[in-house]
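Participant: the following block contains a protein sequence and its predicted model.
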Amino acid sequence: MDMEARGHREHPEALRLWLRLLTCTQLIEKQVRGQLREQFDTTLPRFDLMAQLERNPDGLKMNELSRRMMVTGGNVTGITDQLVAEGVVERVDVEGDRRAYRVRLTSRGRKVFDEMARQHESWIVQAFGGLSAREVETLHKLLGKVKQHQMDLVATGEEMDKT
C-alpha cells in the first residue's frame with residue numbers, strides 16, 4: 001500500500017497532498033535506485049556521496065559529508081571505504097590538522113560520476129514526463145513557496161501546532 005492510500009476524503013486536502021508527495025517521491029526513488037543498481041551496480045547513497053563531492057572539487061571532511069547527506073558518520077565512513085577501494089574517491093590530508101582528512105573524487109571517479117549523473121538526469125526528466133513544461137514550472141514554484149514557508153517557520157522559531 002502506498003502512502004497516498006492512507007488518505008481519505010474526509011481528511012484535509014493538505015494531508016492528502018502530503019501523502020501524494022510522499023508517494024510520488026517513493027515511486028521515483030524506487031525507480032532511480034533500481035536503475036542505479038542495474039546500470040551502474042551502485043546504490044543511491046553512493047551516488048549521493050559522489051554528487052556531494054562533485055559539487056566540491058576540493059573535497060569535504062567526513063563530518064561535512066555526514067551533515068550534507070543527513071546520515072550518520074558511520075554510514076559515510078562505510079560508503080567512503082567502499083568507494084576508496086574502487087578508486088573513485090580518495091582521502092587527502094587536511095593541512096594543519098593531522099587527525100582530519102578530506103574526501104574527494106579521483107579523476108576516474110569524476111568520469112564514473114559524470115556518466116551516472118547524465119543518466120540520473122534523464123530518469124528524473126522521464127519521471128516528470130507526464131507534465132508539460134509549464135506544469136513542471138508551476139509545480140516547482142508552488143513547492144518553492146512551501147519550502148520558503150517552512151524555512152520561515154524555522155527561522156522564527158515557530159513550531160507546528162501540537163493539537
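Facilitator: Arrived safely, thanks for sending. Numbers count the residues shown, from 1 in each chain.
Participant: show me what the helix or strand harbouring residue 92 is packed against.
Facilitator: Assigned by DSSP states H and E, residue 92 falls within strand 89-94. Judged by 3 or more Cβ pairs under 8 Å, 6 or more residues apart in numbering; DSSP states H and E, strand 89-94 is in contact with helix 44-55, helix 73-85, strand 97-105. Heads up, the C-betas are built off the backbone N, CA and C, glycines and all.
Participant: how much space between the spatially most central residue of the chain and residue 146?
Facilitator: Using Cα atoms, centre = their mean, the residue of the chain that lies closest to the mean C-alpha position is residue 48, 5.8 Å off. Noted for residue 48: a distance of 23 Å to residue 146, by Cβ to Cβ, to the nearest Å.
Participant: in this protein, where is pLDDT below threshold?
Facilitator: Counting by pLDDT under 70, the chain shows low-confidence ranges at 1-9, 161-163.
Participant: and the helices in it, which stretches?
Facilitator: 13-40, 44-55, 62-69, 73-85, 107-127, 133-156 (DSSP state H).
Participant: any chance of the ones you listed in JSON lines, with distance to residue 98 too?
Facilitator: As requested, the helices of the chain are exported to JSON lines (distance: least, Cβ to Cβ, whole Å):
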{"stretch": "helix 13-40", "distance to residue 98": "35"}
{"stretch": "helix 44-55", "distance to residue 98": "22"}
{"stretch": "helix 62-69", "distance to residue 98": "15"}
{"stretch": "helix 73-85", "distance to residue 98": "18"}
{"stretch": "helix 107-127", "distance to residue 98": "25"}
{"stretch": "helix 133-156", "distance to residue 98": "37"}
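Participant: ranking the ones you listed by burial, who's on top?
Facilitator: helix 44-55 (a mean of 19; mean count of other Cβ atoms under 10 Å).
Participant: with just CA atoms, put that helix into PDB.
Facilitator: C-alpha atoms of helix 44-55 as PDB (Å, rounded to 0.1, in the frame of the first residue of the first chain):
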ATOM      1  CA  LEU A  44      21.600   5.800  -4.200                       C
ATOM      2  CA  PRO A  45      23.700   6.600  -1.100                       C
ATOM      3  CA  ARG A  46      26.900   6.100  -3.000                       C
ATOM      4  CA  PHE A  47      25.600   8.200  -5.800                       C
ATOM      5  CA  ASP A  48      24.600  10.900  -3.300                       C
ATOM      6  CA  LEU A  49      28.000  10.900  -1.700                       C
ATOM      7  CA  MET A  50      29.700  11.200  -5.100                       C
ATOM      8  CA  ALA A  51      27.300  14.100  -6.000                       C
ATOM      9  CA  GLN A  52      28.300  16.000  -2.900                       C
ATOM     10  CA  LEU A  53      32.000  15.500  -3.900                       C
ATOM     11  CA  GLU A  54      31.400  16.600  -7.500                       C
ATOM     12  CA  ARG A  55      29.900  19.900  -6.200                       C
END
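Participant: sweet, I'm off.
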